[in-house]
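Peer 1: what's the 3D shape of this:
(one chain, ligands or ions: 1)
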Amino acid sequence: MGKDTCLIIGSGLGGLACGYLLARCGYGVTVLEQGRQAGGCLQSFRRGDAVFETGMHFVGSAAPGQLLHRLLSAMEVLPGVQLAPLDTAGYNVVSLGGRCFRIAGGREAFVETLCRDFPDSRADLERYAGLIRSIAAATSLHSLFTKDTDLSLLTDYQTRSMDSVLRATVADPLLRHVLAGNLPLYAARRGRTPFSLHAFITDFYQQSAFRIVGGSQQIAESLVNSIVRRGGRVLTGKQVTAIDCDGERATGATTADGGHYAADYFISDIHPAATLGLLHTPLIRPAYRRRVCALPNTTSCFVAYLRYKKGAVPYQPYNFFSYKETTPWDCESYDETTWPKGYLYMHGCHEPNPRFARYGMVISYMGMDDVQAWAQTSTGRRGADYEAFKRQKASRLLDCVARDFPGLRAGIEAVYTSTPLTYRDFTGTPGGSMYGIAPDLTLGAGGRVSYRTRIPNLLLTGQSTNSHGILGTLIGALQTCSALPGAAHIPDFFS
Ligand SMILES: Cc1cc2nc3c(=O)[nH]c(=O)nc-3n(C[C@H](O)[C@H](O)[C@H](O)COP(=O)(O)OP(=O)(O)OC[C@H]3O[C@@H](n4cnc5c(N)ncnc54)[C@H](O)[C@@H]3O)c2cc1C
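Peer 2: As a prediction, this is how the structure comes out:
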C-alpha cells in the first residue's frame, strides 16, 4: 500500500508548516499556491538592493531555549536563517501625542524603564507584568502541549477585554495607553479583543525580539526545501477554484489552469470564508457557512516601503509605534481629515549589526472603503487615479513620520506602496484583512473557527483558525496536523 497523500491549499506559513510536518510523518505532500512565489505573508520583495517584508517584520521568543527557537530549530529553519536582536533597552518605542516611552525586554528592565516615566506606578507595573507572564505560561500555546494548561485563568482572560483588564490593573490612564501601544500587532478593538491575546503577544516579544536578517522569505524557502527533500512538492501558479467532494468526503482540488489533484486528506491554509467559497457540497451546512462568512475580519493597511540612500539613515534596532493623540485606540475609525491617526515604523535588517538601514516600512490602518473605487481591478492595472491616490496617501503618512524623525525625507531614495487591494489579491483574504478573522469576545464560541470541518478529511489551518503571527500560525499547524492519522506524535518533534 502506498503512503497517504495530503493536498494543502495555500503556501502561507500555516500551509508550509503543515507540509513540512506531514512530509516528516511520511505523507505524500502537495502544496498548491496561487501566487508566483511561495510563502504568503512570509514573502519579501526586492526593489533595487532593498528587500522589503510584506508580513513578517519581527519575531519574539527566539533566543536559544525559548519557544520560537525550539519550534524553528525542530522544523530545520534554524540555524539556517539568521536573526538580529532588537535593542533590549527598548525594542518598542511608543509615541503618544509626541511623548516617547521605551518598552524594554525582560520583566525587570520592562518595569524599571517605565518606572522612570511613571514613578508612582511601580506596583501597577509589577502586577501587570506578573499577569502577562502567568497568562502566557498558562496556555499550551507556550508550553507546547507539555505542561498542564490552567484553564480557569485562561478562560477568565479570554472573556475579559484588553481595555477593561488594563483599566482594572493600571490606575494611570497614560500608562494604560503606553501598555496598549503595541495593539497594531493584533489590531485590537475596545471591548472586543480578549486580554489573553494582548498577554500572549506582549509576553512573546518581552522574552526576546528579533528581525530576520535578509528577510522572512528565507523561512518559506527553508520549509519548501525541507518538503521537497522529503519527496513532497510545492507548486506555484496553481489557484484552487474548487474542492471536489463525493457524498462523504473531499476527493480532489481543481485549479484555474484545469488541473485536478486527488488526495486522501486536504488542508486549507486560506481564509475560512474563502475555503467555503471553494466547497459546493451539502456536507457543509448552510448555518455554518453563514456564521463563518459573517465573522468580522481584522482591518487592512496601507504600507509605504522606503528605500534609503546608502549611509543616509542610521539603523534603528527598535519598532516605533506613533499616535497623533495620547491614545492608541480607535485608529481604524478615521475620516479623510484624520487619517492616519497612527503608524508603525520599522527598519529592515539586511546584514547582522548594520550601521545604516537600507530600507524601512511605515504601516497604517486602512479599510477597503478607501479603495472601493478600484475593487474590480487587478494588480498593475488599477489606473492612473489609483497611483495618484497612493502617492497622496504616502505623502500624508511620510509627513507624520518626518515630524517624529526630522531629516528622514532627505535620506529616502524611493517610495513604494501597497493598499488593502494589494493584500486582498496577494493573500486572498477578504478586504485584505491583515490577520484574518478578528478575535471578538462578544461572540463567544461562535466567534471561533475550528480546524475541523464537517468533511472528515478536510481540515483548516492558518491565522484565522488558531491565532495569527508566526507563533499562532505555527501552533495552529501543529494542532491541525496532529489530528491526521499517524501524526499524533508531532508534538514529540519539539520536546
Ligand atoms: C502587514 C503585516 C505585518 C505583519 N507582521 C508580522 C510580524 O512582524 N510578526 C508576525 O509574527 N506576524 C506578522 N504578521 C502576521 C503573519 O504574517 C500572518 O499571521 C501569517 O503569516 C499568516 O500565515 P497564513 O498561513 O495564515 O496565510 P497567508 O500568509 O495569508 O497565506 C495564504 C496563502 O494562500 C494563498 N492562496 C489564497 N487563495 C488561494 C487559492 N484559491 N489557491 C491557492 N492558493 C491560495 C495565498 O496566495 C497565500 O500565499 C503580519 C501580517 C501583516 C499583513
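
Peer 1: what's the spacing between residue 177 and residue 209?
Peer 2: Distance from residue 177 to residue 209, counting by Cβ to Cβ, to the nearest Å: 21 Å. (Each C-beta comes from the backbone N, C-alpha and C, glycine too.)

Peer 1: same thing with residue 300?
Peer 2: From residue 300 to residue 209 the distance is 25 Å (Cβ to Cβ).

Peer 1: ok so, going back, more neighbours, residue 177 and residue 209?
Peer 2: residue 209 (25 against 22; other Cβ atoms under 10 Å).

Peer 1: Flag every buried residue along the helix ranked longest in the chain.
Peer 2: Counting residues, the longest helix found in the chain (DSSP state H) is helix 384-404. For helix 384-404, the neighbour count (16 or more other Cβ atoms under 10 Å) marks 386, 389, 390, 393, 394, 397, 398, 400, 401 as buried.

Peer 1: Please, where are all the helices along the stretch 151-300 of the chain?
Peer 2: 151-158, 162-169, 173-179, 195-207, 217-229, 272-277, 286-294 (DSSP state H, counting those that start in this stretch).

Peer 1: Among the ones you listed, show the one with the smallest mean pLDDT.
Peer 2: Among these, helix 151-158 carries the lowest mean pLDDT, at a mean of 88.

Peer 1: Could you list every helix and strand in contact with that helix?
Peer 2: Using 3 or more Cβ pairs under 8 Å, 6 or more residues apart in numbering; DSSP states H and E as the contact test, the elements touching helix 151-158 are helix 122-137, helix 195-207.

Peer 1: confidence score at the residue in the stretch 251-400 of the chain positioned nearest to the ligand?
Peer 2: The stretch 251-400 of the chain approaches the ligand most closely through residue 270 (4.0 Å), counting by Cβ to the nearest ligand atom. Residue 270 is assigned 98 on the pLDDT scale.

Peer 1: which residues touch it?
Peer 2: Counting by Cβ atoms under 8 Å, 6 or more residues apart in numbering, residue 270 touches 9, 10, 12, 428, 462.

Peer 1: Then residue 204?
Peer 2: If you count contacts by Cβ under 8 Å, 6+ apart, then residue 204 has 60, 61, 67, 68, 136, 469, 471 around it.

Peer 1: Pretty sure the last one sits in a helix.
Peer 2: Yes: counting by DSSP: H, G, I helix; E, B strand; the rest coil, residue 471 is located in a helix.

Peer 1: Let me know the distance separating the spatially closest residue to residue 217 that is not a sequence neighbour from residue 177.
Peer 2: Once flanking residues are discounted, residue 217 sits nearest to residue 44: 4.0 Å by Cβ to Cβ, 6 or more residues apart in numbering. Separation of residue 44 from residue 177 (Cβ to Cβ): 32 Å.

Peer 1: hang on, the earlier thing: please identify the most buried of the helices and strands packed on helix 151-158.
Peer 2: With neighbours taken as mean count of other Cβ atoms under 10 Å, the helices and strands packed on helix 151-158 reach their highest mean count in helix 195-207, at a mean of 24.

Peer 1: Can you tell me how far residue 411 is from residue 8?
Peer 2: 42 Å.

Peer 1: Which one's more surrounded, those two?
Peer 2: residue 8 (32 against 19).

Peer 1: now the helix or strand in which that one is found and helix 217-229, what's the angle there?
Peer 2: Using DSSP states H and E, residue 8 sits within strand 5-9. With axes from the mean of the first three to the mean of the last three Cα atoms, to 10 degrees applied, the angle from strand 5-9 to helix 217-229 works out at 160 degrees.

Peer 1: anything in strand 5-9 sitting right up against the ligand?
Peer 2: Yes: contact between strand 5-9 and the ligand, assessed by Cβ under 6 Å from any ligand atom, occurs at residue 9.

Peer 1: Give me the helices and strands touching that strand, please.
Peer 2: Here strand 5-9 touches helix 13-24, strand 28-32, strand 250-255, strand 265-268, going by 3+ Cβ pairs under 8 Å, 6+ apart.

Peer 1: Show residues contacting that strand.
Peer 2: So strand 5-9 is in contact with 15, 18-19, 22, 27-32, 240, 243, 252-253, 261-270, 275, 278, 484, going by Cβ under 8 Å, 6+ apart.

Peer 1: any low-confidence regions in the protein?
Peer 2: 1-2, 140-149 (pLDDT under 70).

Peer 1: So which residues on it come close to the ligand?
Peer 2: Residues of the chain lying near the ligand (Cβ under 6 Å from any ligand atom): 9-15, 32-35, 40-42, 55-59, 239-240, 269-270, 274, 301, 363, 427-429, 434-435, 462-463, 468-470, 473.

Peer 1: Buried subset of these as a PyMOL selection?
Peer 2: Provided next is the PyMOL selection string for whichever of the residues of the chain next to the ligand are buried by 16+ other Cβ under 10 Å:
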select buried, resi 9+10+11+12+13+14+15+32+33+34+35+40+41+42+55+56+57+58+59+240+269+270+274+301+363+427+428+429+434+435+462+463+468+469+470+473
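
Peer 1: In a helix, residue 423, correct?
Peer 2: Yes: according to three-state DSSP, residue 423 belongs to a helix.

Peer 1: For residue 426, see how far away the residue nearest to it when sequence neighbours are not counted is.
Peer 2: Leaving aside its chain neighbours, residue 423 sits nearest to residue 432 (3.4 Å; criterion: Cβ to Cβ, 6+ apart). From residue 432 across to residue 426, the span is 8 Å (Cβ to Cβ).

Peer 1: Specify which residue of those two has the higher count of neighbours.
Peer 2: Taking other Cβ under 10 Å, residue 432 and residue 426 do not tie; residue 432 has more neighbours (25 against 19).
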